[in-house]
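> Sharing a model prediction with you, sequence too.
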Amino acid sequence: MVKAIWNGQVIAESDDTVIVENNHYFPQSSIKKEFFKPSDQHSTCPWKGEASYYDVVVEGETNKDAAWYYPEPKKGAEQVKDRVAFWNGVEVTE
């Protein structure tokens, strides 16, 4: 089971992650939605497309833009559709 942990809290866990560019992409259904707040941040990957972000909020502390996902990934990156990845201090353990 792969887990994403921030501020001492498991915020996602799944045995069905996809690894792309050394990042575990968790199914949307495996994230604990109470810890995620949509962000206005966007970025563009040349081969995956436009990413959207979530802020992760645990016990009143916010980790800005700590999770990202591709709502409409480009052709060739379909494996990340409906999946969320983490950075910025979120610990992902296998």
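Thanks, I have it.

> make it CA atoms for all contacts and neighbour counts henceforth
Noted.

> can you map out the strands along the protein?
In the chain, the strands defined using DSSP state E lie at 2-6, 9-14, 18-20, 23-27, 36-45, 49-58, 61-69, 83-86, 91-93.

> quick one, which of those strands is packed in tightest?
Counting by mean count of other Cα atoms under 10 Å, strand 83-86 has the highest mean neighbour count of these, with a mean of 24.

> Tell me which of the strands of the chain sits nearest to residue 75.
Residue 75 sits nearest to strand 49-58 of all the strands of the chain, at 9.0 Å, using Cα to Cα.

> so where's the protein shaky on pLDDT?
The model of the chain has no residue with pLDDT under 70.

> Just confirm residue 57 contacts residue 36, I think it does.
Yes: contact criterion Cα atoms under 8 Å: residue 57 and residue 36 qualify, at 6.2 Å.

> and residue 55, what are its bridge partners?
In this entry, residue 55 is beta-bridged to residue 37, by DSSP bridges.

> returning to that earlier point: what's the closest of the strands of the chain to residue 77?
Here strand 49-58 is closest among the strands of the chain (Cα to Cα), at 8.4 Å.

> okay, the closest one in PDB with CA atoms only?
The C-alpha trace of strand 49-58 is given here as PDB (Å, rounded to 0.1, in the frame of the first residue of the first chain):
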ATOM      1  CA  GLY A  49      -0.700  19.000 -20.700                       C
ATOM      2  CA  GLU A  50      -2.100  21.500 -18.200                       C
ATOM      3  CA  ALA A  51      -2.000  20.600 -14.500                       C
ATOM      4  CA  SER A  52      -4.400  21.900 -11.800                       C
ATOM      5  CA  TYR A  53      -3.500  21.900  -8.100                       C
ATOM      6  CA  TYR A  54      -5.000  21.400  -4.700                       C
ATOM      7  CA  ASP A  55      -3.900  22.900  -1.400                       C
ATOM      8  CA  VAL A  56      -3.500  20.300   1.300                       C
ATOM      9  CA  VAL A  57      -5.000  21.400   4.600                       C
ATOM     10  CA  VAL A  58      -4.400  19.400   7.800                       C
END
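
> Who are the packing partners of it?
If contacts are counted by 3 or more Cα pairs under 8 Å, 6 or more residues apart in numbering; DSSP states H and E, strand 49-58 sits against strand 36-45, strand 61-69.
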